[in-house]
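A.B. asks: Need a 3D model of the following:
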Amino acid sequence: ETQSAWSYPWRLATGLWHAPSMVRGIRNHPWNGGIELDVTAKLLPYLRSKGVAKIGLVGFCWGGWFVTRASSLPDFACAVGFHTSLQVCGLVGETPAAVCAEVKCPQMILAAHNDKADVKAGGAAESTYLNSAFGKECVFKSYDTMKHGWVNRGAIATDLA
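C.D. replies: Just a heads-up that it's a prediction; the model follows:
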């Protein structure tokens, strides 16, 4: 079957139309004045009411953006991001460097070989964290034989180099 030059852009556009509403409406859910209020007004009070004294965060892909943003609050002790996607910052008018500058607790970021440079050793996240009080506690590791999303998918033969 022959496809026109417009085939790919059309498939991409219709794919975004059918994307989950979170993807289409991410600009309607910024951290400041949005998600942050849910965390501080609902999540944290609930956890405290259950006797939780220390809270760590774990995020995968876009969840890595969430835990990086949540780490700007003094209530969290540490965070781990697996194949963190700080490019979400661009969707909501932020920069990875500015978001990382607000972090207040140690971070561990585990990246795949095809993840963006800002979450790998020497990237925006590490260079910002190393200059912080908790910098020596941060860990950055790249898995050169893994592709973005490997933690959620598990072992898939095509993930091997």
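A.B. asks: need the helices for this protein, in chain order.
C.D. replies: 7-17, 21-24, 36-38, 44-49, 62-70, 88-91, 96-101, 124-129, 150-153 (DSSP state H).
A.B. asks: Deepest-packed of these, please.
C.D. replies: Stretch with highest mean neighbour count among the helices of the chain: helix 62-70 (a mean of 23; mean count of other CB atoms under 10 Å). (C-beta placed from N, C-alpha, C; glycine too.)
A.B. asks: name the helices or strands packed onto it?
C.D. replies: On a contact count with 3 or more CB pairs under 8 Å, 6 or more residues apart in numbering; DSSP states H and E, helix 62-70 meets strand 56-60, strand 78-82, helix 88-91, helix 96-101.
A.B. asks: For Ser142, find the nearest of the ones you listed.
C.D. replies: For Ser142, the closest of the helices and strands packed on helix 62-70 is strand 78-82, at 12.0 Å, according to CB to CB.
A.B. asks: Can you list the strands that that closest one pairs with?
C.D. replies: strand 56-60 (parallel), strand 107-112 (parallel) (DSSP bridges).
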